[in-house]
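> Just the structure for this:
(chains A, B, C and D)
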Number of protein chains: 4
Amino acid sequence: MLSRTRRLLPETTAHLRNHLATPRHPVSMYSKQLASHTSASSSDKEPSIGFIGLGQMGFHMATHLQSKSHTRFVIYDTNQQALANFQAQVREAQEESSVTIARSPADLAEQSTVIVTALPESAHVKQAYLGSKGVLEGLRPDTLCIDSSTIDTTVSMEVSRKIIEAGGRAVDAPISGGIMGAKAGTLTFMVGSQSEEDFARARVYLERMGKNVVRCGDLGAGQAAKICNNLLLAISMVGTAEAMNLGVRLGLDPSVLAGIVNTSSGRCWSSDTANPVPNVIASAPSSNGYEGGFKSRLMLKDLGLVANAAKESKTPLMLGALAENIYRHLSNNSEMAEKDFSVVYKWLGGRS
Amino acid sequence: MLSRTRRLLPETTAHLRNHLATPRHPVSMYSKQLASHTSASSSDKEPSIGFIGLGQMGFHMATHLQSKSHTRFVIYDTNQQALANFQAQVREAQEESSVTIARSPADLAEQSTVIVTALPESAHVKQAYLGSKGVLEGLRPDTLCIDSSTIDTTVSMEVSRKIIEAGGRAVDAPISGGIMGAKAGTLTFMVGSQSEEDFARARVYLERMGKNVVRCGDLGAGQAAKICNNLLLAISMVGTAEAMNLGVRLGLDPSVLAGIVNTSSGRCWSSDTANPVPNVIASAPSSNGYEGGFKSRLMLKDLGLVANAAKESKTPLMLGALAENIYRHLSNNSEMAEKDFSVVYKWLGGRS
Amino acid sequence: MLSRTRRLLPETTAHLRNHLATPRHPVSMYSKQLASHTSASSSDKEPSIGFIGLGQMGFHMATHLQSKSHTRFVIYDTNQQALANFQAQVREAQEESSVTIARSPADLAEQSTVIVTALPESAHVKQAYLGSKGVLEGLRPDTLCIDSSTIDTTVSMEVSRKIIEAGGRAVDAPISGGIMGAKAGTLTFMVGSQSEEDFARARVYLERMGKNVVRCGDLGAGQAAKICNNLLLAISMVGTAEAMNLGVRLGLDPSVLAGIVNTSSGRCWSSDTANPVPNVIASAPSSNGYEGGFKSRLMLKDLGLVANAAKESKTPLMLGALAENIYRHLSNNSEMAEKDFSVVYKWLGGRS
Amino acid sequence: MLSRTRRLLPETTAHLRNHLATPRHPVSMYSKQLASHTSASSSDKEPSIGFIGLGQMGFHMATHLQSKSHTRFVIYDTNQQALANFQAQVREAQEESSVTIARSPADLAEQSTVIVTALPESAHVKQAYLGSKGVLEGLRPDTLCIDSSTIDTTVSMEVSRKIIEAGGRAVDAPISGGIMGAKAGTLTFMVGSQSEEDFARARVYLERMGKNVVRCGDLGAGQAAKICNNLLLAISMVGTAEAMNLGVRLGLDPSVLAGIVNTSSGRCWSSDTANPVPNVIASAPSSNGYEGGFKSRLMLKDLGLVANAAKESKTPLMLGALAENIYRHLSNNSEMAEKDFSVVYKWLGGRS
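Modelled structure (predicted):
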């Protein structure tokens, strides 16, 4: 992969030379670029961080990252309210700190040495990096782009390669842990990177937002690991719901059954931590009206990524394909779509 | 259920009165019955144990039970060689001990106050208890029948009820742990019983053969818990195989992927203990040519019991039904049928 | 098996003494056969027909059979009202005809040279033939037993063999065509028989109730053919519902889509005759509120027979097992359970 | 989108200058349109046809179209040999006719009033129309683009819309009938068009290549109808294979079973025309070593399009998703991948 990077350098350098020699933007922007380059020369001590995507996950992540980084912090989102809220929150907490709102991903990129993105789908990531006024149009040399979105492995790799071709560095770092984990700062990041150096560099920032940071392999490996885990998770959850439903209908007490399964070969996270039968595990979403977990429609989205990856890699998914279509059937019910994905127990006709 | 038992008592008693008052068998058999009744009067101190089924599991179980019980031990099997082997083994180990070979289950019953059965399928259990010269024809009052076979819940309950109607006591106590567990004496027994008393009585003997003895509920509950666990186990294993296969084809190192899954929401016994990809878990059957585990054709058999229970209880099994048919497809390959059920990874085209 | 028949003799003899006043076995076997042939010599001109099972299908079938047969007609059902209704109906239509109500299947058998059974499930057929006061207890030599019920292939073959061992003849002749076909006399019978002669003999009566009478092979072959057809039917119907649902959601007019499919490689009975989308085929149940067809819960019952046969024969059913569980899920909805099985289109979220 | 067209102008103009010597845009847009109509006035009598894609299907289609059209015929393919072969074939057959080989899709478009494309996948269609030197760069006003490829409905609609925005007309016209149908000129075309006029115009050419030309609805409707048919086809075929396999294992003669199914409610094209059991239907691929039909890997490709459409339209496909994964599993076997898709009978362990 290093050779590949090297191959790309000549063109990239030429591109960058032009880019730097002639202003592509109004003079004011150019001067800002100069200014930030000045600061970039000392960027090892004082990097500036750009954060794109202040949604349900991103807002909490950015909060942790900003509060633990003593550096300039630039944010961007298409939702103006989210930006205002974040700025207000920081102002309240830390009088000295300041957060800058960028006019576009490109504008943000011009002010950042590290960029973190937390976006919902492949299309948003493509748009944010490769679109008009996207990150690539403002990317400074050697900027590290950390995409924590869960998206198509192929799209992730394509975007990463284009960032690298443009002179930046890229890692994919999708998340496990949900909104609760984002809020608590206990997320797990599954990282794909070209080198250990990129990983080490990304780790510094990821550890400010989460608890576990694992390198899964080369570019795209983070995405791959994430969807493989979620494929197994979906299958385990539907399987647990089927087994618990059968047990209850055969007259077993669900807590007794769970107790046996959880100390036997059937044990799994879906059974011992997020059991889909209400009141078996007090802290499970099922015991709270299936609220507060991982929404069915988001599981469906991830299973769509799984399906794409399976098609590309010619991997037969017997149970996985069925699980995807069960969640699609279930998500056509607008109420169930918004519930924790353990609600599949209800879909199966499970009694509480 | 107590009320049910009470309801059965009048008839049962009448039956027993006749049974005891008039010989159903040749005089010689009657005298033997008397004889054993004499010993039965002291049966609380010195119960005699009957064991039916010296197959791959039963032989090891009987070995543990006999060596830890200081009492008369009667055995029965249709395989004469197994009987001879068991007798020879005991003779070598314990000079004083003696093991009696019964001529039939009825003959065995006439000499036992506790009977343990370890048989392959519903039909064998039905035959052993209810068939001609079956246990019921020789059953002594209050004899405890412990069936450790994994069979249809409905058959199990039917046999148990008939034992109770005939004046005996019955518990179902299917096993988890496999041949290795039987040999090591570390089996788990999932017990269904009418009362805590029956369970307490059975526990004494089960603990000589295993490590964990759990009461799952009323009669049949042991069978129900067992098949629910194995349903989830089969689904988890196929799911793990699909997820690992996808990951490997996407370029992930299987050990790295397993490491991530096992600390995330996808973790399950099939991933962290019996991972189907060779050399991910050294002690897993997959790392030993898929030998030494739970054979695919036996998993298929259990999934057949699941299917019967699901039909009876009108429980939809989406993934479970597919898993059953995957194991049926796989087991049509005579080699794979005899391998550990994690070999489904190979069936899916998984690379090692 | 002769020994088994002999075992039944004591009880049987009592009946026989009362009604035939001639011993059936063993020396007199030939003479008895002669004797019954003597009575049969009048029965060749005037055989007496026994009909067991006046349910939704059976009532219409018996009506056709009785009105087209100029012979004594004996009926039996556990539902007294059905018997009374049938008798009243015949009395109204044909002043001279008479219909006799038997006290039991055995009683009916003693008065019949041909017996037709139309019963809901394996257990009923077993009870009617092999149970206490069942057909076998009154069976006259050479009586032809035609079972038109759809039941387990193994049970069907077991019952047929016992009839033959007891001196009768047996064919399995399950039906295709539904209540409408039963009423119109246009049923198809799929017949399994030991010989062409048995088939020819059965055909005479079956043609009075239906339109097509096909020999499928040896004993059990009728059952086998029936469930294979219904397996494919269920899969085709769910498949048609999925394809139509997809087309409609993609913006196609369902009638246009059906038109194309029905002249292409996707065409099937479920698409061109019983299309599950309302108002595509005017005569389809879907166009009549999913009324008047083949109920989902009956399709589920047949898929249960399929599952048993697949287990016995080690046949992997990937789509078939899933279809069964879809109908189980659907039938847990008490309203859908009673609708034509094309209602699976609604279950999938199909729009009309 | 006009702006997009304008952006393309500089390069396009160069081409146009060379070939048409008349500017297409922008002031002259109207006059050019007039001009092209002038030339079109001669093109009504003598339209010139462009054909892109001389693969297994396209070669036969182009042969029919060229031989039945008395007009200029321009061809393009990336495979030079295919172009040479086609030219040689025409030269042999018709001395006066001439076939021109274009240098690019754009070059072909500049010489055509009707363009037919027959390409393998979405990416090829996108490239041929929207790529560099693609059709859009040379498109003459009012040119009718007929895409007979089977591709993603969304891609098809996107390409069609861009053709229309660029001043052309577009219809999607995927094919049913296979290579045999292409050779015999008996294909069925399923057409999606904005208007009846576009359809009427396309029909003229499609009828030279096939037998049935059906309008399915608006743009994309041809693709939608095609994949809905093939979804049902795949399900029916796997279902037929499962039902025939079950029947054979239950002891039925496959021809007898097929005869019964084909006159009953299980009948379908996969059973009565392409029965997967060898020697049931003499003309079926199964009777010819599964050669000469619709390859499994192509069915898999179509099921991939189905999966995309299902995801977009949120349509649950229970059997369809499983069928896709069965064909993916099967196609991992390189030999089976190239056989007719009825080979799934062999995959299931079917006996011949």
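> Chain A: strands as residue ranges?
A:49-52, A:73-76, A:99-101, A:114-117, A:144-147, A:169-172, A:175-176, A:187-193, A:210-217 (DSSP state E).
> Tell me, domain by domain, which residues of chain A belong where.
What automatic domain parsing lists as the domains of chain A is A:46-219, A:226-347.
> picking that back up, least reliable of the strands of chain A going by mean pLDDT?
Per-stretch mean pLDDT for the strands of chain A is lowest at strand A:175-176 (a mean of 92).
> most neighbours per residue, which of the domains of chain A?
Among those, domain A:226-347 has the highest mean neighbour count (mean count of other Cβ atoms under 10 Å in any protein chain shown), at a mean of 24. All C-beta atoms are positioned from the backbone trio N, CA, C, and that covers glycine.
> That domain near chain C at all?
Yes. Contact of domain A:226-347 with chain C (Cβ under 8 Å from any Cβ of the partner chain) involves A:318, A:322, A:329, A:332.
> Where does pLDDT dip in the stretch 51-200 of chain A?
The model of the stretch 51-200 of chain A has pLDDT under 70 over residues A:95.
> so what's residue A:340 closest to, chain neighbours aside?
Among residues not flanking residue A:340 along the chain, residue A:293 sits closest, at 3.0 Å (Cβ to Cβ, 6 or more residues apart in numbering or on different chains).
> mind checking how far that neighbour is from residue D:242?
Separation of residue A:293 from residue D:242 (Cβ to Cβ, to the nearest Å): 37 Å.
> Next: residue A:148.
Distance check for residue A:148 against residue D:242: by Cβ to Cβ, it reads 44 Å.
> check contacts around the closest residue to residue A:303 other than its chain neighbours.
Once flanking residues are discounted, residue A:303 sits nearest to residue A:324: 3.9 Å by Cβ to Cβ, 6+ apart. Counting by Cβ atoms under 8 Å, 6 or more residues apart in numbering or on different chains, residue A:324 touches A:234, A:300, A:303-304, A:306-307, D:321.
> Present those as JSON lines; the columns should include pLDDT.
What follows is these, written out as JSON lines (pLDDT from 0 to 100):
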{"residue": "A:234", "pLDDT": "98"}
{"residue": "A:300", "pLDDT": "98"}
{"residue": "A:303", "pLDDT": "98"}
{"residue": "A:304", "pLDDT": "97"}
{"residue": "A:306", "pLDDT": "98"}
{"residue": "A:307", "pLDDT": "98"}
{"residue": "D:321", "pLDDT": "98"}
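> Tell me the one among those residues nearest to residue A:216.
residue A:306 (15.8 Å; Cβ to Cβ).
> and that closest one, what does it touch?
Per Cβ under 8 Å, 6+ apart, neighbours of residue A:306: A:227-228, A:230-231, A:317, A:320, A:324, B:246.
> Dump the contacts of residue A:324 into a markdown table; add distance to residue B:107 as well.
Shown next, in a markdown table, are the contacts of residue A:324 (distance: Cβ to Cβ, whole Å):
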| residue | distance to residue B:107 |
| --- | --- |
| A:234 | 54 |
| A:300 | 61 |
| A:303 | 59 |
| A:304 | 64 |
| A:306 | 59 |
| A:307 | 61 |
| D:321 | 56 |
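> Same list (the strands of chain A) but as TSV, adding distance to residue B:121.
As requested, the strands of chain A are exported to TSV (distance: least, Cβ to Cβ, whole Å):
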stretch	distance to residue B:121
strand A:49-52	62
strand A:73-76	66
strand A:99-101	70
strand A:114-117	58
strand A:144-147	55
strand A:169-172	51
strand A:175-176	43
strand A:187-193	45
strand A:210-217	45
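> Residue C:99: which of these is closest?
Of all the strands of chain A, strand A:175-176 sits nearest to residue C:99, with 73.6 Å by Cβ to Cβ.
> contacts for the closest one?
Strand A:175-176 is contacted by residues A:57, A:118, A:148, A:150, A:181-182, A:187-190, A:210, A:226, A:229, B:264-265 when judged by Cβ under 8 Å, 6+ apart.
> run the last query once more with 10 Å
Strand A:175-176 has contacts (Cβ atoms under 10 Å, 6 or more residues apart in numbering or on different chains) with A:57, A:61, A:118, A:148-150, A:181-182, A:187-190, A:206, A:209-210, A:212, A:214, A:222, A:225-226, A:229-230, A:233, A:294, B:260, B:263-266.
> from the residues you listed, which ones fall inside helices?
A:57, A:61, A:181-182, A:206, A:209, A:222, A:225-226, A:229-230, A:233, B:260 (DSSP state H).
> Going by distance to chain C, which of the residues you listed wins?
Nearest to chain C, judged by Cβ to the nearest Cβ, of the ones in helices among the contacts of strand A:175-176 is residue A:233 at 21.5 Å.
> which residue ranges form the helices in the stretch 251-352 of chain A?
Counting by DSSP state H, counting those that start in this stretch, the stretch 251-352 of chain A has helices at residues A:254-262, A:269-272, A:296-313, A:318-331, A:334-337, A:344-347.
> what pLDDT, on average, does the last one get?
Computed over helix A:344-347, the mean pLDDT rounds to 98.
> quick one: that helix to chain centroid distance?
27 Å (Cα atoms, centre = their mean, to the nearest Å).
> likewise the third one?
Mean-position distance between helix A:296-313 and its chain equals 15 Å (Cα atoms, centre = their mean).
> next one: the fourth one
The gap between the average C-alpha position of helix A:318-331 and the chain average comes to 22 Å, counting by Cα atoms, centre = their mean.
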